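Q: Prediction below, plus the sequence it came from.
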Amino acid sequence: MRYINLIILAVMLSVSWTWVQNDQKVSELVHAEIQEDLQQLIATYIKKQLPNSKNIDFKNIWSETLGEGKVKAHFNYSFDDSAADAGDAGVAVKGYAVLHRKPTENKKTDLWTLEEIQILNNHVTFKEGLTLTKDSLNESDLPEGDVTPIDEK
């Protein structure tokens, strides 16, 4: 029985060693560069679209190889924004981007294009809440017709 366990252990070590030593379709260096470039792209976009934004913080960003020349980068970031009509708010965003490698004539550089970007979760937290009371509502803000409270249904 000891010899069988020893043979199984040797086979498992050999298989795992083979998996680790196989060439990757996309290198770790390329993954790191994609993650860094995606962070810069998102930060630049936020600053351009929301000039009052600050404290852009990437909680995590990681990528995985989908196939030869295709990478999916997951991101989770937050930032603070202030608007004149809504006040200060914290915004948290989760999502992913799918990138595809395009062939170039220069073999030393890769050109990655953004195929798809998906926002999976967008969360806004207002720094100062808004208090609504019965007296603070205008008649024009109410919907037309009879409104039945939920408790009476």
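A: Noted; the coordinates are in hand.

Q: Tell me the spacing between residue 91 and residue 101.
A: If you measure residue 91 against residue 101 using Cβ to Cβ, to the nearest Å, the figure is 31 Å. C-beta coordinates here come from the backbone N, C-alpha and C atoms, glycine included.

Q: no, scratch that, I was asking about residue 123
A: 32 Å.

Q: These two: which is more packed in?
A: Comparing residue 123 with residue 101 by neighbour count (other Cβ atoms under 10 Å), the higher total belongs to residue 101, at 17 against 10.

Q: Give me the below-cutoff pLDDT ranges for this structure.
A: Low-confidence segments of the chain (pLDDT under 70): 20-24, 84-86, 130-153.

Q: Have a look at it and report its longest helix.
A: Taking DSSP state H as the criterion, the chain has its longest helix at helix 28-49.

Q: Need the residues that contact that one.
A: With contact meaning Cβ atoms under 8 Å, 6 or more residues apart in numbering, helix 28-49 is reached by 53, 56, 58, 61-63, 65, 71, 73, 75, 77, 79, 97, 99, 110, 112.

Q: mind checking how far residue 111 is from residue 69?
A: In this structure, residue 111 and residue 69 are separated by 10 Å, where distance is defined by Cβ to Cβ.

Q: Please read the previous query as pertaining to residue 117.
A: From residue 117 across to residue 69, the span is 18 Å (Cβ to Cβ).

Q: Name the residues of the longest helix of the chain that come out as buried.
A: Applying a neighbour-count criterion of 16 or more other Cβ atoms under 10 Å, the buried positions in helix 28-49 are 30-31, 34-35, 38-39, 42, 46.

Q: following that helix, which helix or strand comes up?
A: strand 54-67 (DSSP states H and E).

Q: so that following strand versus helix 28-49, what angle?
A: With axes from the mean of the first three to the mean of the last three Cα atoms, to 10 degrees as the criterion, the two stretches strand 54-67 and helix 28-49 enclose an angle of 140 degrees.

Q: Show the end-to-end separation of stretch 48-62, please.
A: The separation between the terminal residues of stretch 48-62, taken as Cα to Cα, to the nearest Å, is 24 Å.

Q: how about the CA coordinates for the one helix or strand residue 74 maps to, as PDB?
A: Counting by DSSP H and E, the secondary-structure element that holds residue 74 is strand 70-83. Taking only C-alpha atoms (Å, rounded to 0.1, in the frame of the first residue of the first chain), the coordinates of strand 70-83 have been written out as PDB:
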ATOM      1  CA  LYS A  70      -8.100  37.500 -25.200                       C
ATOM      2  CA  VAL A  71      -8.000  38.900 -21.600                       C
ATOM      3  CA  LYS A  72     -10.800  39.700 -19.200                       C
ATOM      4  CA  ALA A  73      -9.800  42.400 -16.600                       C
ATOM      5  CA  HIS A  74     -12.000  42.700 -13.500                       C
ATOM      6  CA  PHE A  75     -12.000  46.000 -11.500                       C
ATOM      7  CA  ASN A  76     -13.400  47.400  -8.300                       C
ATOM      8  CA  TYR A  77     -12.900  51.100  -7.600                       C
ATOM      9  CA  SER A  78     -14.400  54.100  -5.700                       C
ATOM     10  CA  PHE A  79     -14.100  57.800  -5.800                       C
ATOM     11  CA  ASP A  80     -15.700  60.900  -4.200                       C
ATOM     12  CA  ASP A  81     -17.700  63.300  -6.200                       C
ATOM     13  CA  SER A  82     -19.400  66.600  -5.400                       C
ATOM     14  CA  ALA A  83     -22.200  68.200  -7.400                       C
END
